[in-house]
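> here is my input, please return the structure:
(one chain, ligands or ions: 1)
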Amino acid sequence: MQFTHEHREIQKTLKRYIDEHINPHVDEWEVAEMMPAHDIFKGLGDLGLLGLTKPEAYGGAGLDYSYGMAMAETLGHIHCGGVPMAIGVQTDMATPALARFGSEELKRDFLAPAIAGDTVGCIGVSEPGAGSDVSAIKSVARKDGDDYVISGQKMWITNSLQADWMCMLVNTSDGPAHKNKSLVMVPMRENGKLVKGIEVAQKIRKIGMHSSDTGLIYFDEVRVPQRYLIGQEGAGFIYQMQQFQEERLWCAASTLQSLSNCIEWTVEWAQERKLFGASLADQQWVQFKLAELKTEVESLRALTYLAVERYVAGEDVTEWATMAKLKAGRLNRVVPDTCLQFWGGMGFTWENKVSRMYRDGRLASIGGGADEVMLGILSKIMGIAKRPVK
Ligand SMILES: Cc1cc2nc3c(=O)[nH]c(=O)nc-3n(C[C@H](O)[C@H](O)[C@H](O)COP(=O)(O)OP(=O)(O)OC[C@H]3O[C@@H](n4cnc5c(N)ncnc54)[C@H](O)[C@@H]3O)c2cc1C
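Purely as a prediction, here's the structure:
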């Protein structure tokens, strides 16, 4: 995959925004355990960065997914994982199905403002009793007149303490678990206040990703017009699995720069740090470990670019996106951990850049499908494991 002048220009624009409007405030947002999502999204929306791959009719740029990947990669310049994740939810996790299958009305009312940065969105799949096993969700939308009446709980929801709407996976019938689900657009706030029946039950404290708010949300008989259904009723599971493709490509692409930074920071540190009459970087063990990590990161880059290239060509990239997500999860553990070791006590301090990556990066093996879920998908594609009959 070759980056063109346009890819580079988009990356430069985003990098400038990050340097001027994001990185100077990251430390303060980490302490507050919340970033100002509306302000940041408005800034990005004004630069045209929230809809690179979305249709022009709704304010997007109508570009192919390689531009989304270029953006995701550049988000890795942000000095934490929480802010990129919050942005990725808006661009690559909560909106792909809406853009692909949503009605004109839904795209006008939800997609266009999301692209402009006027609203903050979230994606509601996981629940207290169902994360890896998406088919086991319990939230229900029953029909009453022209409305759905939604009850249930959504857990771990990124952006949900600030979100104006949720793209929510719910059960719309009692049928088989893979055919009874639908994606519904649920307005969460009006004039900044939570809609009747929605409660933020908990702001979840986490070991990392502190700039990003994560909530447990209760829904008690929340009324939503049935026309807020995305696409076909009962196709929600399939739509969500497709939506996961972009989420997983995004996860892989967004870690490339931050992993490279982690290695570079550690090289600089090792060259400066003196011990046993030489620099730490003079130890061959340190040189070899860092060289090996770089090789791993560049392998992930090659895999991710290949997956995106095939996705742009219109191929089903389930296998490639799954492998890239798995490898990204693995490297987000091994790279910060290995680097942190070379920082000694400094690596064990809270403010250290590498220690923040160590905490934030741990999520990559859990969120958006745990490593074991990726391995399960690959085992089925390889024909090693049987596909479940339900
Ligand atoms: C910070 C954060 C942000 C998140 N944001 C969102 C969001 O915005 N929207 C949303 O819907 N969800 C979100 N999630 C939820 C995330 O996707 C889930 O946590 C994830 O899918 C795992 O589900 P679970 O936590 O219920 O773990 P479980 O499903 O209970 O799994 C526990 C562990 O079991 C293991 N496991 C799972 N399946 C298998 C298997 N087949 N074989 C062997 N071992 C297995 C894995 O190691 C896994 O970590 C977020 C989570 C976190 C922590």
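> list the contacts of residue 210.
29, 30, 31, 33, 80, 82 (CB atoms under 8 Å, 6 or more residues apart in numbering). C-beta here means a position set from N, CA and C on the backbone, and glycine is covered the same way.
> setting aside sequence neighbours, what's the nearest residue to the residue in the chain positioned nearest to the ligand?
Shortest the chain-to-the ligand distance, computed as CB to the nearest ligand atom: residue-wise this is residue 131, at 1.9 Å. Sequence neighbours aside, residue 156 is the residue nearest to residue 131 in space, at 7.3 Å (criterion: CB to CB, 6 or more residues apart in numbering).
> are the helix or strand hosting the one you found and the ligand in contact anywhere?
With secondary structure defined by DSSP states H and E, residue 156 is part of strand 147-158. Yes: Strand 147-158 lies within reach of the ligand by CB under 6 Å from any ligand atom, at 156, 157, 158.
> wait, a strand at residue 123?
Yes: judged by DSSP: H, G, I helix; E, B strand; the rest coil, residue 123 forms part of a strand.
> who's in contact with it?
89, 93, 94, 157, 158, 166, 167, 243.
> now residue 70: closest residue in space, sequence neighbours ignored.
residue 7 (4.4 Å).
> circling back: roughly how far apart are the residue of the chain closest to the ligand and residue 137?
To residue 137, residue 131 is 9 Å away according to CB to CB, to the nearest Å.
> out of the two, which sits in the busier spot?
Higher neighbour count among residue 131 and residue 137: residue 137, with 26 against 18, using other CB atoms under 10 Å.
> quick check, that one in contact with residue 181.
Yes: using CB atoms under 8 Å, residue 137 is in contact with residue 181, at 7.2 Å.
> what do those two both touch?
169, 170, 171.
> which one of those residues sits closest to residue 257?
Nearest to residue 257 among those is residue 169, at 30.6 Å by CB to CB.
> in JSON lines: the contacts of residue 123, plus neighbour count.
Formatted as JSON lines, the contacts of residue 123 follow (neighbours: other CB atoms under 10 Å):
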{"residue": "89", "neighbour count": "25"}
{"residue": "93", "neighbour count": "25"}
{"residue": "94", "neighbour count": "28"}
{"residue": "157", "neighbour count": "27"}
{"residue": "158", "neighbour count": "24"}
{"residue": "166", "neighbour count": "25"}
{"residue": "167", "neighbour count": "29"}
{"residue": "243", "neighbour count": "27"}
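> partners of the lowest-mean-pLDDT helix or strand in the chain, with directions?
Scoring the helices and strands of the chain by mean pLDDT, DSSP states H and E places strand 189-190 at the bottom, with a mean of 93. Strands that pair with strand 189-190, judged by DSSP bridges, come out as strand 193-194 (antiparallel).
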